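Colleague: Could you look at this predicted model? Sequence included:
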Amino acid sequence: MRKLLLILTVLTLVLASSSFGFDGQRRGFVLGGGLGFSPVASWEVNGTTLDESGAGIGLNLLIGYAWDDQNMIVYEGNVAGWKSEFFLDRQVSQGFYGASWYHYFGETGRSAFTTLGIGYYAFEVEDFDNNDLGLGLLAGAGYEFARHWQAGAYFSYGKTSDPVFDYNHYHFSILVGVVAF
C-alpha cells in the first residue's frame, strides 16, 4: 500500500507539471481517489473453517488515461482495511490492484458509470509477512453527480497464498471520490 501511494504521488507531481490533461475535459490523463466505508471484507482459507469478515474503511486511488468523454483506462488500487479479531486486533488490509476500465454513460457531471478490472489481489496483516499476490477482479457502478465528483459501489474478489495455505478474498466498498481530468 505504501509503495502504491509513493508511486501515485510521484506520478501526480510529474503529470501536474505537464501540459497534458487536467483541462476540465474528461480526456487525457486522469488522477483520482475515493474514500468511504467497506461494510464487508472477508478472507477464508481453502479447505478449512479458517475465515473472517470485518467492516472498515474503503479506499481507492487511480491514475490513467481517458481517450474520450465516455471511456478511461486506469491503474487502480481499491482496498479495504479493518481491525482483525482473528489476528489479535491487528490491522488487516486487502484489495485489488490492476487495470480498470471506466465507462460513463452520459455527459460530464451527470452520468452513471461502470467499471471492470483485472489485476492482482493483496492481503496484508500488521506485523506479519505479506501473502503472495494472486489474481484479482473488480466490478463496480456509480454516478458522477458533479464535475469531478462521483459515488460508487465496488466489489473485488481475489486469491492470495502463503507457504502453507491458499486464500480466497472479497470486499465490497461504497466510496465517494474525485477524479481530476
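Modeller: Structure's in. What do you need?

Colleague: list the contacts for residue 134?
Modeller: 120, 121, 158, 159, 160, 161, 167 (C-beta atoms under 8 Å, 6 or more residues apart in numbering). Every residue, glycine included, has its C-beta placed from N, CA and C.

Colleague: so of these, which ones are in strands?
Modeller: 120, 121, 158, 159, 160, 161, 167 (DSSP state E).

Colleague: before we move on, what SS does residue 87 have?
Modeller: What DSSP: H, G, I helix; E, B strand; the rest coil gives for residue 87 is coil.

Colleague: Select the longest strand from this protein.
Modeller: Per DSSP E, the chain has its longest strand at strand 28-45.

Colleague: Mind listing what's buried along that strand?
Modeller: Neighbour counts using 16 or more other C-beta atoms under 10 Å place 28-34, 36, 38, 41-45 of strand 28-45 among the buried residues.

Colleague: Which other helices and strands does that strand contact?
Modeller: Applying 3 or more C-beta pairs under 8 Å, 6 or more residues apart in numbering; DSSP states H and E, one finds that strand 28-45 contacts helix 2-16, strand 51-66, strand 71-84, strand 90-104, strand 166-180.

Colleague: so the third one versus strand 28-45, what angle?
Modeller: When you say that, I think you mean strand 71-84. 40 degrees (axes from the mean of the first three to the mean of the last three C-alpha atoms, to 10 degrees).

Colleague: Just want the angle from strand 71-84 to strand 166-180.
Modeller: Comparing the axes of strand 71-84 and strand 166-180 via the same axes, to 10 degrees yields an angle of 120 degrees.

Colleague: For the closest residue to residue 53 other than its chain neighbours, name its beta-bridge partners.
Modeller: Nearest residue to residue 53 in three dimensions, chain neighbours excluded: residue 42, at 4.1 Å (C-beta to C-beta, 6 or more residues apart in numbering). According to DSSP bridges, the partner residues bridging residue 42 are residue 53, residue 170.

Colleague: Number the residues from 479 up from this point.
Modeller: Happy to do that; since the first residue is 479 now, the last one works out to residue 520.
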